[in-house]
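Undergrad: A predicted structure for the sequence below; I have some questions about it.
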Amino acid sequence: FERALLIRDAALGPNHPSTATSLNNLAWLLRAQGDYEGARLHNERALSIHESAFGPDHPDTASSLNHLALLLVDLGMLGEAATLSDRAIQGSEAQRRRVAWALAESERLLLSRKQRVALDLFLSIARLQSSDAARDAYDNILRWKAHVLRSLVQSRGRVLAGLSEADQGRVASLRQLQGRLSRELFRKNIEDREAHQELLANLRARRQAIERELNRSLGSVEDEDPVSASKLGQALPAGAVLVDFLVHRVYVPARREGERVVEEGRWAEPRLSAWIVHPGATGALRWIDLGDAAPIETAVRRFLDEMIASRGVSRVAEHSPESQQAPVSANDELRHLLWEPLSEFVGDSKRVFVSPDGFLGTLPFETIQLADGTYLIERMSFVYLENGDAIVDIAQAVETEAVPDLLCVGDVNYRRKSDLAWRSAAGSQDDLVEHEAPFENASELSMATRAAPTNLFARADVRGGFLKPWATLRATAEETEAILEAHDDRYKGTDARRLRLTGRDATEERVKRELARHDIVHIATHGFFQPEGLPSMWRRVAADEGGVRMEMLEEERRIVGLMPGLLSGLVLAGANKIPEEGRDDGLLTAEEISMLDLSDVDLVVLSACETALGKAEAGEGMLGLRRMFRQAGARTVVSSLWKVGDHATSELMQIFYDRMWSRDESPAAALRGAQLDKLKQNRIENNGDGLPSTWGAFVLDGAW
C-alpha cells in the first residue's frame with residue numbers, strides 16, 4: 001500500500017482522487033494493526049483531496065467523511081465524529097436533491113440504500129451521546145425515511161399540474177408497458193422461453209427509459225423544506241401520539257486499555273428503535289431503544305402464525321404435565337418485547353399513529369392482547385403511515401363537503417369476462433350505469449371447490465392466494481349489494497352517483513378506467529402477494545442428488561427486483577382463462593396502479609387478501625398495493641395484512657360502511673368500530689375468545 005501510494009503520488013499528483021484511494025486503503029490497514037493515529041492522518045488527507053476535487057456533496061466525499069468519523073468513534077472523539085457524520089448526511093441529501101428527480105423509481109431506491117450507511121453511523125454515535133442527540137437523530141430520520149415515496153408523490157403532483165403533448169404520450173406509453181409487463185410475466189403458454197426472456201428484457205428497458213424521460217421532462221420537484229419533530233408536534237391532534245420505528249445497524253466502538261486496543265470496533269446486529277412524538281409546539285420526543293431486532297422479528301412472526309393459523313379455533317398450549325409453568329404465549333412474548341417498553345410513553349393517548357419499518361409492516365398493533373385480556377384496539381385507535389411526516393400534509397388538507405361517488409367491485413366472474421363492446425366515449429353517462437351480475441356467479445362454486453369439498457375454507461372462503469382456478473367468492477355479492485344500499489340510504493336525493501361492476505363486467509380494463517372517476521372505491525375480490533416470485537417465473541432444475549429444485553429465470557428476477565409491484569395485485573374477471581391477444585389478463589398488479597391519477601379518490605377499500613403487504617424496503621415500507629394506491633394519489637387506503645375469510649370479511653365491511661354513513665363516523669372510527677363489534681360478537685359466540693384473526697387484518701393508512 002505504501003508503494004502504491006508513492007506511485008500514484010508521483011504519477012498523478014498529491015491531490016488526485018486515485019491518490020486518496022491509496023490513502024484510504026493504507027488507513028484501513030493501519031487501523032487493523034492498531035495504529036489509529038497513523039490511520040487518522042491518512043483519512044484526513046483523503047477527505048481533503050475529495051472535498052477539493054469533487055466538492056462537499058459528492059458520494060466519494062461522503063465516503064471519506066464516514067471513514068474518518070468511524071475512526072474517531074474508535075478513538076472516543078464522539079463530538080468530532082458526530083460533526084463529520086452529520087456533514088456526510090447533509091452532503092448525501094444535497095446529492096439526492098440534485099439527481100434523484102431524474103431517476104426511475106428503482107434507481108432512487110438504490111441511491112437510498114447506498115446512502116444508508118451515513119444514517120446508521122450517525123445513529124450509532126447519537127446512542128453514545130446525551131439524550132439531547134435524539135432530536136437531531138430523528139430529524140435526520142424524517143428526512144431520509146420514505147423520501148423516495150415523497151419524491152414520487154411530488155412528481156405525480158407536477159404531472160397533474162399540466163403535461164405537454166410529449167409527456168402525455170410518455171404517460172400513456174408507461175401505462176401500456178406496465179400492463180404488457182404484467183401480462184408477459186404471468187403468461188403460462190410460452191413456446192420459446194429464450195425469445196420470451198428477450199421480450200421481457202426489452203419491455204423492462206423501455207419502461208425504465210420512458211420513466212426517466214418523463215421525470216427529466218418534469219424537472220426537479222424535491223421539497224426543500226423538510227419536516228422536523230417540532231412541525232410534527234404542531235400537526236398532531238390532541239390526545240394522539242406518533243410512534244415512528246426504524247430497524248438500523250449499530251456500530252460498537254473499539255475497546256481500549258490506555259493506548260492499546262483490546263477489542264476492535266464492529267458493526268453489530270440490527271436493532272429496533274422507536275421515536276415517540278407528542279403533540280405540542282415543541283413536539284416532545286423520546287427515543288426508545290427496543291434492543292436487537294431479530295428476537296422481535298421472530299416474536300412478530302410467531303404471533304402472526306399463531307393467531308392466523310387458528311382461523312377462529314381456540315387453541316390451548318401443550319406442555320408436559322410435569323412442567324409447573326406453561327410456555328410463554330406468542331402474544332405475551334411480543335407484548336413484553338415490543339409494546340410494554342412503549343406503553344409508558346404512549347400513556348393514555350387515544351389515537352396512535354404508527355410508522356412501521358421492515359417486518360413491523362406486517363403487524364396490526366391493535367390485535368396485541370394485554371395482561372388483563374383486553375386488546376389494544378379497546379384502548380386506542382391505530383392509523384398506519386408509511387412516513388411520519390404525512391401527518392403534516394394530512395392535517396393541512398382541506399376536506400370537501402361534496403357527496404361521494406361510489407365504485408363498488410365484487411361478485412367477480414373469474415371464468416369469463418365481457419367483451420369490449422361496452423366501451424363508449426370517455427366520461428359519458430353510459431359508463432355510470434349499474435351492471436347486474438349473472439345469477440350463476442353468485443350461487444355457483446368453482447370446479448376446484450366442488451372437487452375438494454373438504455378444503456372448502458382454504459379455497460372457497462378465502463379471498464386470496466396465487467393458485468388457479470380462483471374460486472367464486474359468494475359473500476362479495478351480498479357485500480356489494482349492502483354497500484350500495486347503504487350509499488343510497490345515506491345520499492338519497494343528492495347527485496351522488498354509484499357504479500357497481502360485477503360478474504363478467506368487472507374486467508381489469510374497466511376497473512382501471514373507472515378508478516379515477518369516483519371518490520370512494522370498494523373492491524371485493526381475491527388478492528395476492530407472492531414474495532418469492534410467481535409460479536410462471538420459475539423453471540425446474542435437476543439437483544445433484546436426483547431431486548428437483550426451482551430457480552427463478554434471470555430476466556424475471558431482474559424485473560421483480562426493479563418492479564416489486566408486479567408481485568402483488570387484485571384478481572378480476574376472466575383471470576382463470578388464458579387472456580385473449582390485446583386484452584388484459586385479469587390480474588391488476590400494484591405496478592399498474594402506480595401511474596394512474598387517483599388524486600380525486602378519497603377512500604380505497606381493498607376487501608381482499610394481503611393487500612397491505614409487499615416487498616419490504618428499508619425506510620420505504622411495503623412496496624405493494626397499499627403503497628401504490630397512496631402513491632397514485634388516494635388519500636386513504638384500507639387494506640389487509642393476511643389471508644381473510646370471505647364471509648367474515650363481508651360482515652366486517654358491511655358494518656364499516658353502515659357506521660361511516662349511518663352514524664357519520666370517519667373512516668378510522670368506522671373501521672375501529674366495526675372491528676370492536678366483531679370482537680364483541682366473537683366473545684359472545686366463542687366463550688370469551690375475541691378471535692382477532694377474523695377482524696384484525698384490516699388497517700387504515702392515510703387521512704384518518
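TA: Yes, it's here.
Undergrad: does residue 61 belong to a helix or a strand, and which?
TA: Assessed by DSSP states H and E, residue 61 sits inside helix 59-74.
Undergrad: mean confidence for the very next helix or strand once past that helix?
TA: Downstream of helix 59-74, the first helix or strand assigned by DSSP H and E is helix 78-99. What helix 78-99 shows for mean pLDDT is 92.
Undergrad: got it, and stretch 226-240?
TA: 89.
Undergrad: mind listing what's buried in that stretch?
TA: 226, 227, 228, 229, 230, 231, 232, 233, 235, 236, 240 (16 or more other C-beta atoms under 10 Å). Where C-beta positions appear, they are placed from N, C-alpha and C, glycine not excepted.
Undergrad: filter those residues down to the ones in helices?
TA: Members of these lying in helices (criterion: DSSP state H): 229, 230, 231, 232, 233, 235.
Undergrad: format these as a markdown table; extra columns: distance to residue 101.
TA: Output for those, formatted as a markdown table (distance: C-beta to C-beta, whole Å):
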| residue | distance to residue 101 |
| --- | --- |
| 229 | 26 |
| 230 | 27 |
| 231 | 23 |
| 232 | 25 |
| 233 | 29 |
| 235 | 26 |
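Undergrad: what residue ranges in the stretch 201-350 of the chain score low on pLDDT?
TA: Scanning the stretch 201-350 of the chain for pLDDT under 70 picks out the ranges 221-224, 283, 310-327.
Undergrad: which residues of it fall in strands?
TA: 240-252, 255-257, 260-263, 266-277, 285-292 (DSSP state E, counting those that start in this stretch).
Undergrad: note down every partner strand of the shortest one and its orientation.
TA: Okay, so that is strand 255-257. strand 260-263 (antiparallel) (DSSP bridges).
Undergrad: mind checking the SS state of the residue most central in space within the chain?
TA: By C-alpha atoms, centre = their mean, the chain has its centre lying nearest to residue 622, at 1.8 Å. Classification of residue 622 using DSSP: H, G, I helix; E, B strand; the rest coil returns strand.
Undergrad: so what's it up against?
TA: Residues near residue 622 by C-beta atoms under 8 Å, 6 or more residues apart in numbering: 361, 612, 613, 614, 615, 616.
Undergrad: and for residue 43?
TA: Residues counted as contacts of residue 43 (C-beta under 8 Å, 6+ apart) are 23, 24, 27, 64, 67, 68, 71.
Undergrad: same thing but 10 Å
TA: 20, 23-24, 26-28, 30-31, 64-65, 67-72, 84 (C-beta atoms under 10 Å, 6 or more residues apart in numbering).
Undergrad: buried members of those residues into ChimeraX, please.
TA: In ChimeraX, this line selects whichever of the contacts of residue 43 come out buried by 16+ other C-beta under 10 Å:
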select :20,23,24,26,27,30,31,64,65,67,68,69,70,71,72,84
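Undergrad: number of residues surrounding residue 217?
TA: Neighbourhood size, residue 217 [other C-beta atoms under 10 Å]: 15.
Undergrad: mind checking how far it is from residue 631?
TA: Computed as C-beta to C-beta, to the nearest Å, the residue 217 to residue 631 distance reads 19 Å.
Undergrad: the strands in the stretch 551-700 of the chain, which residues?
TA: Counting by DSSP E, counting those that start in this stretch, the stretch 551-700 of the chain has these strands, from start to end: 568-571, 587-589, 603-607, 614-617, 621-624, 636-640, 698-702.
Undergrad: for the third one, packing partners?
TA: Packing partners of strand 603-607 (3 or more C-beta pairs under 10 Å, 6 or more residues apart in numbering; DSSP states H and E): strand 406-412, helix 475-490, strand 520-524, helix 625-631, strand 636-640, helix 646-662, helix 667-685, strand 698-702.
Undergrad: so which of the contacts of residue 622 is the most crowded?
TA: Neighbour counts for the contacts of residue 622 peak at residue 612, which has 30 neighbours (criterion: other C-beta under 10 Å).
Undergrad: can I get the buried residues of stretch 226-240 in JSON lines including distance to residue 601?
TA: Formatted as JSON lines, these follow (distance: C-beta to C-beta, whole Å):
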{"residue": "226", "distance to residue 601": "27"}
{"residue": "227", "distance to residue 601": "24"}
{"residue": "228", "distance to residue 601": "30"}
{"residue": "229", "distance to residue 601": "31"}
{"residue": "230", "distance to residue 601": "32"}
{"residue": "231", "distance to residue 601": "27"}
{"residue": "232", "distance to residue 601": "26"}
{"residue": "233", "distance to residue 601": "30"}
{"residue": "235", "distance to residue 601": "23"}
{"residue": "236", "distance to residue 601": "25"}
{"residue": "240", "distance to residue 601": "25"}
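Undergrad: which one's the longest helix in the protein?
TA: Ranked by residue count, the top helix of the chain under DSSP H comes out as helix 193-218.
Undergrad: just the buried positions in it, please.
TA: 196, 199-200, 203-204, 206-208, 210-211, 213-215, 218.
Undergrad: before we move on, what about stretch 41-57?
TA: Neighbour counts over stretch 41-57 (16+ other C-beta under 10 Å) mark 42, 43, 45, 46, 47, 49, 50, 51, 54, 57 as buried.
Undergrad: and those as a markdown table, adding pLDDT and secondary structure?
TA: Listed next are the buried residues of stretch 41-57 as a markdown table, based on pLDDT from 0 to 100; DSSP: H, G, I helix; E, B strand; the rest coil:
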| residue | pLDDT | secondary structure |
| --- | --- | --- |
| 42 | 97 | helix |
| 43 | 97 | helix |
| 45 | 97 | helix |
| 46 | 97 | helix |
| 47 | 97 | helix |
| 49 | 97 | helix |
| 50 | 97 | helix |
| 51 | 96 | helix |
| 54 | 96 | helix |
| 57 | 91 | coil |
